[in-house]
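Chemist: This is a predicted model, with the sequence first.
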Amino acid sequence: MSSFSLGDLAQNFMLQRRGAALKAEMSRLNEELATGQVSDVKAILTGNVSYLADLENDLRSLSGFKVATTEATQFTDAVQLALDRVDQSMETFGSKLLSVTSSSVGAVLDQFSADAEDELAAVVNTLNTSVGGRSIFSGTATDQQALQNSELILNGLRAAMSGATTSQDMQTAADQWFSDPAGFAATIYNGSDTHISPLRLADGETVRVQLKADDPVFQDVLKNLALSALASDASFGLGADEQQDLLSNTGQAILQSKDDLIAVRADVGSAQARIDELATRNATEETSLEYAKGSLLAADPYETATELEAVQFQLQSLYAVTARMSDLSFVNFIR
């Protein structure tokens, strides 16, 4: 009967290979025990990875939608806050202008106009609000401030009303300047004529938040605040009764515009609610997909621990054999 034996060098090489294999196996089992997932995905799926690829593709899409809904929330919150500021300005100052009476003369009327100028500047600054580096009332021209400063509005309107001698003349001229494409739209509004695209927040789901600083509701506010600011302008030479009439009329117009602004705020509120709904739905779907992926790739902790213990025992045995072999010598063998 023939026999077969290995030389010392071959034995050492075999032991090294076996030791490396056991170390790699122990590392794999430690990783699976720590993460709770198998490391050899192809083996557990028997080569059919299309289902896993679909899950991961859906999760990547939901991750992108999560960023989109976060940005949409920040955008609409900023829009609603800006609208709230404009609304408060209209409510406060519109009511204040209605308090003008026939006894309001001289310095009192001048103060109304001065306050109107400050209010105009505040509304312009609000409509120039930006969030995340994007101007929110400039349409698609998000890199541009929506409006020129309030001083340019007053100068443009003052020039348009040149020659007006009554409050009615001033109101008529103001209406024409704000509606004229070569007036307010060309000289004051810096944004785009195009609204921003609807926000895509889920597969087949979009939300519209399309407001621009040249929308009629904002033009009305700016126009009436500017008229109030110019009521006491010496270049028009209005008498006290004409100034009172102009301030009173602009106050009424500002409060009447509140209904339009309330409707705009309601639309934005609906968009905010829809964004929250889609964000919640996306989060629920993401959790479900993560659970499905986890279940698909989950490693049995009991089985993994058992295998790890067996590999550790084998490695210890291999070390013991290697140590015994290293002590062997011809002298010890012939004793």
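Modeler: Received it, and whenever you're ready, just let me know what you need.

Chemist: Next, count neighbours for residue 237.
Modeler: 9 (other CB atoms under 10 Å). Every residue, glycine included, has its C-beta placed from N, CA and C.

Chemist: Could you measure from the closest residue to it other than its chain neighbours over to residue 87?
Modeler: Distances taken as CB to CB, 6 or more residues apart in numbering put residue 165 closest to residue 237, at 7.2 Å, once the chain neighbours are dropped. Separation of residue 165 from residue 87 (CB to CB, to the nearest Å): 34 Å.

Chemist: same thing with residue 130?
Modeler: For residue 130 relative to residue 87 (CB to CB), the value is 20 Å.

Chemist: Check residue 94 too.
Modeler: As for residue 94, its distance to residue 87 is 10 Å (criterion: CB to CB).

Chemist: Please give me every residue in contact with the most centrally placed residue in the chain.
Modeler: Taking CA atoms, centre = their mean, the centroid of the chain lies closest to residue 71, which sits 0.9 Å from it. By CB atoms under 8 Å, 6 or more residues apart in numbering, residue 71 lies in contact with residue 132.

Chemist: how many other residues sit next to residue 121?
Modeler: Neighbour tally, residue 121, other CB under 10 Å: 17.

Chemist: if I read this right, it contacts residue 147, doesn't it?
Modeler: No: using CB atoms under 8 Å, residue 121 is not in contact with residue 147, being 10.7 Å away.

Chemist: Can you name the residues that contact residue 261?
Modeler: Residue 261 neighbours (CB under 8 Å, 6+ apart): 83, 86-87, 90, 217, 221.

Chemist: Can you say which helix or strand has the residue nearest to the centre of the chain in it?
Modeler: Following DSSP states H and E, one finds residue 71 within helix 50-98.

Chemist: Could you point out the helix or strand that follows that helix?
Modeler: Downstream of helix 50-98, the first helix or strand assigned by DSSP H and E is helix 107-127.

Chemist: contacts for that next one?
Modeler: Residues outside helix 107-127 that contact it (CB under 8 Å, 6+ apart) are 82, 85-86, 89, 93, 96-97, 100, 104, 137, 146-147, 149-150, 153-154, 213, 218, 221-222, 225-226, 228-233, 240, 243-244, 247, 250.

Chemist: Let's see stretch 130-142 as CSV, backbone CA atoms only.
Modeler: The C-alpha coordinates for stretch 130-142 follow below in CSV (Å, rounded to 0.1, in the frame of the first residue of the first chain):
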residue,chain,number,x,y,z
SER,A,130,-34.3,85.0,-0.2
VAL,A,131,-33.9,81.5,1.3
GLY,A,132,-31.0,79.3,0.6
GLY,A,133,-29.6,81.9,-1.8
ARG,A,134,-32.9,81.9,-3.8
SER,A,135,-35.0,84.9,-4.2
ILE,A,136,-38.6,83.7,-3.5
PHE,A,137,-40.6,86.4,-5.3
SER,A,138,-38.5,86.6,-8.5
GLY,A,139,-40.0,83.8,-10.5
THR,A,140,-37.3,81.7,-12.2
ALA,A,141,-34.7,84.5,-11.8
THR,A,142,-34.0,83.3,-8.3
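
Chemist: how about that stretch: buried residues?
Modeler: Neighbour-count burial for stretch 130-142 flags 130-131, 135-139, 141-142 (criterion: 16 or more other CB atoms under 10 Å).

Chemist: and the residue nearest to residue 237, that's in a helix?
Modeler: No: looking at residue 165 with DSSP: H, G, I helix; E, B strand; the rest coil, it is coil, so not inside a helix.

Chemist: what's the burial count for residue 263?
Modeler: Applying other CB under 10 Å, we find 10 other residues in the vicinity of residue 263.

Chemist: tell me which element it is part of?
Modeler: Counting by DSSP H and E, residue 263 is found in helix 240-297.

Chemist: OK, contacts around residue 70?
Modeler: Here residue 70 is in contact with residue 279 (CB under 8 Å, 6+ apart).

Chemist: pLDDT weak spots in the stretch 51-200 of the chain?
Modeler: Along the stretch 51-200 of the chain, segments meeting pLDDT under 70 span 102-104.

Chemist: Residue 144 and residue 205: what is the separation?
Modeler: The gap separating residue 144 from residue 205 is 29 Å, by CB to CB.

Chemist: pretty sure residue 231 is touching residue 241, no?
Modeler: No: the pair residue 231 / residue 241 is not scored as a contact, 11.6 Å apart, by CB under 8 Å.

Chemist: Can you measure across stretch 131-149, start residue to end residue?
Modeler: Criterion CA to CA, to the nearest Å; first-to-last residue distance in stretch 131-149 is 19 Å.
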